[in-house]
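> Mind looking at a prediction? Sequence and model below.
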Amino acid sequence: MKRWMKFPKLALLLGVSLALVISGVVLAITIAVDGDREAAWSGSGGQTPGHLAVLDPNESGITDNRDIEDVYWTNDSTNFYLMLETYSTPSLSSFPTATDIYFCIDTDNNTGTGGSYANCANMTGIDRFIHVGGVSSVNVYDGSFSLLGAGTLGYNQSASTPVVEVSVANNLLGLDSSHCTQVMPMNIFFDNGTTDPDDNTPDSGTVNIGCGFPTAVTLSSVEASSSFAAPVALVALGLVGALGAVVLSRRRKA
């Protein structure tokens, strides 16, 4: 015991390394809600976000800057994030030709609860509406259109890669560590605020998004979906082995 106590720092590092291997915690990606499409949306830095790729092809009757092309989503332990791309630089406007975007979400995957909205392709079972009002606001409503709270809008037409980004607190969606729904049907309504036809993604029905656990993903879970899990484990195991060798060597010399 006395020999071991001569190396308290090594003992501490060894313990941390063992904890890393045992828990295998991988840090979440970081989304900056600034209206600029960062690499994290392509999975750089951790969890790969969900992606609805070109579900709604370019429609000639809708201007490209208000025609939905792609939708991404992800979350951390605090917030849920959505990112929307259009076929050209997205255009939001305020009164009197205000644009509105509605993310209509069935958070409990139960059409028997929640409300309905004709503009979201007649979707039923809507538990939460995330409403982007023009260029300035994001609000979350329940299925009865009662206001629950505000979110954050990222919108910048001068950005390197302009997109519409939205962040809302998980608890406003009824999501927490014990309730994180893996299947949440959604329809998106982009009210152009002009005489152009409006846009829906998808044009009819819903698509499924899901809530994940990117701040505490175990290596066993990540290995199925991410190539960086194994290197993390190998580095940790290598560190444990190296520290163990140093400790044994110094114990022999003592």
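In hand now; what should we look at?

> Going by C-alpha atoms from here, please, whenever you check contacts or count neighbours.
OK.

> Which stretches in the stretch 151-254 of the chain count as helices?
219-222, 229-253 (DSSP state H, counting those that start in this stretch).

> Would you single out the least confident of the ones you listed?
Ranked by mean pLDDT, these bottom out at helix 219-222, with a mean of 32.

> Chain neighbours aside, what residue packs nearest to residue 57?
residue 69 (6.8 Å; C-alpha to C-alpha, 6 or more residues apart in numbering).

> Mark out where each domain of the chain begins and ends.
As assigned by automatic domain parsing, the chain contains the domains 2-26+220-253, 39-209.

> rank those domains by pLDDT, which is bottom?
Across the domains of the chain, the lowest-scoring stretch is domain 2-26+220-253, with a mean of 39.

> Around residue 158, how many other residues sit close by?
Residue 158: 10 surrounding residues under other C-alpha atoms under 10 Å.

> Can you give me the separation between it and residue 40?
Residue 158 sits at a distance of 19 Å from residue 40 (criterion: C-alpha to C-alpha, to the nearest Å).

> Also residue 188?
To residue 40, residue 188 is 22 Å away according to C-alpha to C-alpha.

> More neighbours: those two, which one.
Taking neighbours as other C-alpha under 10 Å, residue 188 and residue 40 compare with residue 188 leading, 25 against 17.

> Not counting sequence-adjacent ones, nearest residue to the more buried one?
Per C-alpha to C-alpha, 6+ apart, closest to residue 188 is residue 103, 4.7 Å.

> contacting residues around that neighbour?
Residues counted as contacts of residue 103 (C-alpha atoms under 8 Å, 6 or more residues apart in numbering) are 129-131, 186-189.

> and if you look at residue 165?
Contact partners of residue 165, counting by C-alpha under 8 Å, 6+ apart, are 33-35, 81-84, 153-155.

> and what of residue 206?
Neighbouring residues of residue 206 by C-alpha under 8 Å, 6+ apart: 123, 185-187.

> Now, these that are in strands?
Taking DSSP state E as the definition of strands, the contacts of residue 206 contribute 123, 185-187.

> Nearest to residue 200, out of these: which one, please.
Set against residue 200, the nearest of the ones in strands among the contacts of residue 206 by C-alpha to C-alpha is residue 187 (7.1 Å).

> wait, doesn't that closest one sit right on residue 199?
No. The criterion here is C-alpha atoms under 8 Å, and residue 187 misses it with residue 199 at 10.6 Å.

> picking that back up, of the contacts of residue 165, which pair is most distant in space?
Greatest spacing in those, by C-alpha to C-alpha: 81 and 155 (13.6 Å).

> just the strands in this structure please.
Counting by DSSP E, the strands of the chain are 50-53, 68-75, 79-86, 100-105, 115-117, 123-126, 128-133, 137-142, 147-150, 152-155, 164-169, 184-191, 199-201, 207-209.

> What strands flank the last one, and is each parallel or antiparallel?
It refers to strand 207-209. Counting by DSSP bridges, the strands paired with strand 207-209 are strand 184-191 (antiparallel).

> now the third one
Each strand paired with strand 79-86, and its direction, by DSSP bridges: strand 68-75 (antiparallel), strand 164-169 (antiparallel).

> ranking those by burial, who's on top?
Scoring the strands paired with strand 79-86 by mean neighbour count under mean count of other C-alpha atoms under 10 Å gives strand 164-169 as the most buried, with a mean of 24.
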